[in-house]
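Colleague: Sequence and predicted model, in that order:
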Amino acid sequence: NAGVTQTPKFQVLKTGQSMTLQCAQDMNHEYMSWYRQDPGMGLRLIHYSVGAGITDQGEVPNGYNVSRSTTEDFPLRLLSAAPSQTSVYFCASRPGQLYGYTFGSGTRLTVV
Amino acid sequence: GENVEQHPSTLSVQEGDSAVIKCTYSDSASNYFPWYKQELGKRPQLIIDIRSNVGEKKDQRIAVTLNKTAKHFSLHITETQPEDSAVYFCAALYSGSARQLTFGSGTQLTVLP
């Protein structure tokens, strides 16, 4: 049982490049989310999903896309990277509403 | 809108003393309140949570209290140890179509030996 697995752990992008952050969980959790963490700003919700085929926007969705074709996978796509997207990105999953998240180990992204 | 205020932003205590971190929330329909600990360079990890049908929950040296009338909840750590040093985040589950967790901005706890 690996929990929530994120890849890559580190990434440097040039402005305008696109990329996909991968997230997979093996706990059969219906709820999955992507958060970004910036110094002094806590964790901000980017996109979330409540089941396969269902996604919705969070607090800071601009510049990001998601899809949920299976229960296990929830990739986050950066469409055209900008320096403002430099951050640490966490994927998380939970089995239901009244449960806490299990977080992945994070992806540290730098956009230059 | 949805908002979770967390105080203090930094907290230093002597080893063996108690630490208290407080959070307030704005949605009176919120019914789930987890607390996370994040060590430097690591992922946030759930340490304790409370649902709105109880007022207090304990797990060894940590406890969480909930005051629904005042819309605030607190994390209490007793007999602090150096390994308790970390950033602590509170969160609240808001009602409405999103039903997603909103996090506080975090408290850097430092336990001085």
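Modeller: Looks like it arrived, so ask away. Quick caveat, the model's predicted, so the values are computed rather than measured.
Colleague: what residue ranges in chain B are flagged as low confidence?
Modeller: Low-confidence segments of chain B (pLDDT under 70): B:1, B:96-98.
Colleague: Residue numbers of it in contact with chain A?
Modeller: Residues of chain B lying close to chain A (Cβ under 8 Å from any Cβ of the partner chain) are B:6, B:31-32, B:34, B:36, B:42-46, B:49, B:51, B:89, B:93, B:98-106. Heads up, the C-betas are built off the backbone N, CA and C, glycines and all.
Colleague: residues in chain A within reach of chain B, list them.
Modeller: A:33, A:35, A:40-45, A:48, A:50, A:56, A:58, A:90, A:97-106.
Colleague: And those residues, which of them are buried?
Modeller: Among these, those classed as buried by 16 or more other Cβ atoms under 10 Å in any protein chain shown are A:33, A:35, A:42-45, A:48, A:50, A:58, A:90, A:99-104, A:106.
Colleague: Which of those fall in strands?
Modeller: Secondary structure from DSSP state E places A:33, A:35, A:43-45, A:48, A:50, A:90, A:102-103 of those in strands.
Colleague: Show the contacting residues for A:Cys91.
Modeller: A:4, A:6, A:21, A:23, A:25, A:32-35, A:74, A:76, A:103-104 (Cβ atoms under 8 Å, 6 or more residues apart in numbering or on different chains).
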